[in-house]
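In: need coordinates for the following:
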Amino acid sequence: MIDTALTFRPAVPDDAQTIASMINAMAAADKSPGLEPMAEHRLVRDLFEKKRFEVVIAEWQGTVAGYAAFFQGYSTFEARPTLFIDDLYVKNEYRGRHVAFELFKYLVGEAKTRECGRVEWRVIQGNEEAFGFYDRLKAKKLQGWVDYRLTYDDIQRMA
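Out: Here you go, the predicted structure:
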């Protein structure tokens, strides 16, 4: 049962700085670079103007506790949409209050509403806390798939 202190809502433009701050905190925890000013501008544009992805905000007693960024793709194998979770982050001071679990359940509910055949996400190597969390949820680790990536510079070079 969800704690009534915890609520969820779609992000609004006034949340832009808060979202960027949480992204930078997650990047620091992952030992990754944070958002550059132009990246933050693109993020806000793509979220609120171009609607390329969505963000749900988790609030604990009216204070932002975390967020999830997600988008919808499509699985030709399932012939259904796939909800892809790009980020799921809870501020340190709200961990241990089941915020991540309830936020994840919220996204699963969203996938059900959208008639998705899959919910997928990635976990950076070394994030043992996340691995433990998803293992407790009985999520399936994909076997036989290897991630590849072309960066922005690669795209510019190839196109």
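In: how much space between the residue most central in space within the chain and residue 153?
Out: Residue closest to the mean C-alpha point of the chain, counted by C-alpha atoms, centre = their mean, is residue 87 at 2.2 Å. Using C-beta to C-beta, to the nearest Å, residue 87 is found at 23 Å from residue 153. Just so you know, the C-beta spots here come from the backbone N, C-alpha and C atoms, and that holds for glycine as well.
In: residue 98 now?
Out: Taken as C-beta to C-beta, the span from residue 98 to residue 153 is 41 Å.
In: ok, now residue 56?
Out: Applying C-beta to C-beta to residue 56 and residue 153 gives a distance of 31 Å.
In: again, but for residue 143
Out: For residue 143, the distance to residue 153 - C-beta to C-beta - is 31 Å.
In: quick check: pLDDT value at residue 82.
Out: At residue 82, the model reports a pLDDT of 95.
In: that one falls within a strand, correct?
Out: Yes: Residue 82 sits within a strand when classified using DSSP: H, G, I helix; E, B strand; the rest coil.
In: okay, and the beta partners of it?
Out: residue 73, residue 118 (DSSP bridges).
In: count the neighbours of it for me.
Out: Neighbour count for residue 82, taken as other C-beta atoms under 10 Å: 18.
In: ok, it - contacts?
Out: Counting by C-beta atoms under 8 Å, 6 or more residues apart in numbering, residue 82 touches 72, 73, 74, 75, 116, 117, 118, 119, 120.
In: many thanks, we can stop here.
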